[in-house]
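Give me a model of this one.
(chains A and B)
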Amino acid sequence: MHELAVTQSILDLVLDHAAKADATQITKIYLVVGELSSIVDESVQFYWEIIAKDTLAEKAELVFRRVAATFKCLECQTVYHLDGQVVFCPSCGSSRIEILSGEEFYIEAIDIET
Amino acid sequence: MNEQRIPIVQNILSANDAIAESNRLLLKQAHLFSVNIMASPGAGKTTLIEQTVKNLSNDLRILVIDGDIATTLDADRASAAGATAIQINTGGDCHLDAVMLNKALVQTDLRQFDLLIVENVGNLICPASFELGTALNVLVASVPEGHDKPHKYPSMYRGVDYVILNKIDLLPYVDFDVEFFRKGLEALNPAVEFLLASCRTGEGLSNWYEWLRKQVDRFRSLSVV
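The predicted structure is shown next:
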């Protein structure tokens, strides 16, 4: 639902970096999005086509790298993925857990032409 | 034509985070303790704020900043209860962000107040991503929403300091497993404060008031440099 604000932030960031590098065009944008970050790729893509128009990033392809939510049980050390149900350890049922990945939300790199 | 890759590795919402940081500084300089209250629509944010203002406004000068999509209904209730209330209409946006809060903060004499309560837009997804710069974040959950909510909205439950489970007067009538809820919450957020309460009957709320008073005192002593 908040993808418009997110997409605007992506555009602002990449245009800033592209200007510093004297780019004439941005061709690819590499995004890393964790499963827990509640971002819908298609919505970002949808807004992107509207707001990137007439900028250096107009033709840029958005490349999403999704990172699965990975948890580790602190009781039995089992490493597991979110199964869409509960966050407890599937082996021993413990709620003493640590989140190893899934909260990422950043721009990794851009490809530009100069 | 020259092609090259530029590594960036920068948080997508870093612009918001930077403004949240300046909000934090503004509030610190004004010695004003602040909470950001988040919840799904209907969980009881406004009623909680109303009760809080009624109970604390004799001792504390309270400022309420209300985020709402279009109406001023919530700000009106806070102001009727005895607080100074400022309305932020998000114009359809599903969350408050640091810029919106900043606009409200810079036009207010923050030193006139002891406690700032920010009421976020009712939503369990979007507000989690947009840090505002308040000292602490509070989530109001409620019994009719169901006991599975921490599992379904992990980002929201992870990012808060205090969770109030509201409407516990409805527990006898609803299949709500408090232990299941508590375990889900502890799994995601082991350090969180958890309170069972009913804003309708007032049950449990004295702990919340006490906690707020303590935080206001603590913040004052921390801020004096």
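
Run a quick neighbour tally on A:S37.
Using other C-beta atoms under 10 Å in any protein chain shown, the number of residues around A:S37 comes to 21. Quick note: C-beta positions are derived from backbone N, CA and C, even for glycine.

A:I112 is in contact with A:I29, isn't it?
No - when contacts are counted by C-beta atoms under 8 Å, A:I112 is not listed as touching A:I29 (9.9 Å).

sec struct for the residue nearest the centre of chain A, please.
Most central residue of chain A, judged by C-alpha distance to the mean C-alpha position with C-alpha atoms, centre = their mean, is A:V33 at 2.0 Å. At A:V33 the chain is in strand, as set by DSSP: H, G, I helix; E, B strand; the rest coil.

Can you pull the phi/psi pair for the residue nearest to it when sequence neighbours are not counted?
Beyond its immediate neighbours in the sequence, the residue positioned closest to A:V33 (C-beta to C-beta, 6 or more residues apart in numbering or on different chains) is A:I39, lying 5.3 Å away. The main-chain torsion angles of A:I39 are listed as degrees, to the nearest 10 and equal phi -120, psi 130.

Please name the residues that touch A:I39.
Contacts for A:I39 were tallied using C-beta atoms under 8 Å, 6 or more residues apart in numbering or on different chains; they are A:3, A:6, A:33, A:105.

element containing the second one?
Here A:V6 sits within helix A:3-20, counting by DSSP states H and E.

and the residue nearest to A:L36 when sequence neighbours are not counted, how many residues sit next to it?
Counting by C-beta to C-beta, 6+ apart, A:G102 is the residue found nearest to A:L36 once chain neighbours are left out, at 4.1 Å. As a burial measure, the neighbour count of A:G102 was computed by other C-beta under 10 Å and equals 20.

Give me the helices and strands touching the helix or strand containing B:R77, please.
Here B:R77, judged by DSSP H and E, is contained in helix B:73-81. In this structure, helix B:73-81 makes packing contacts with helix B:45-56, strand B:62-68, strand B:84-89, strand B:115-119, judged by 3 or more C-beta pairs under 8 Å, 6 or more residues apart in numbering or on different chains; DSSP states H and E.

Identify the neighbouring strands of the last one in the sheet and state each direction.
So the one you mean is strand B:115-119. Counting by DSSP bridges, the strands paired with strand B:115-119 are strand B:33-39 (parallel), strand B:62-68 (parallel).

List the buried residues in the last one.
Just to be clear, that refers to strand B:62-68. Neighbour counts over strand B:62-68 (16 or more other C-beta atoms under 10 Å in any protein chain shown) mark B:62-68 as buried.

again, but for stretch B:173-180
Using 16+ other C-beta under 10 Å as the burial criterion, the residues of stretch B:173-180 that qualify are B:176, B:180.

mean confidence score for it?
Mean per-residue pLDDT for stretch B:173-180: 96.

go on, stretch B:38-49?
Stretch B:38-49 comes out at a mean pLDDT of 96.

Show me what that stretch is in contact with.
Contact with stretch B:38-49 is made by B:37, B:64, B:73-74, B:77-78, B:81, B:83, B:117, B:119-120, B:122-124, B:127-128, B:137-142, B:144-145, B:156, B:160, B:164, B:166-167, B:199-200, B:208, as judged by C-beta under 8 Å, 6+ apart.

By neighbour count, sort out the buried ones in the residues you listed.
When burial is judged by neighbour count using 16+ other C-beta under 10 Å, the buried members of those are B:37, B:64, B:74, B:77-78, B:81, B:83, B:117, B:119-120, B:122-124, B:127-128, B:137-142, B:145, B:156, B:160, B:164, B:166-167, B:199, B:208.

re the thing from before, could you list every residue that touches the residue nearest to the centre of chain A?
A:39, A:41, A:64-67, A:104-105.

And these, which two are furthest apart?
The span of these, defined through C-beta to C-beta, is set by A:D41 and A:E104 at 13.9 Å.

Okay, and A:F64 sits in which element?
For A:F64, the enclosing helix or strand under DSSP H and E is strand A:61-67.

Starting from that strand, tell me which strands it pairs with and how they run.
Partner strands and pairing direction for strand A:61-67 (DSSP bridges) are strand A:25-34 (parallel).
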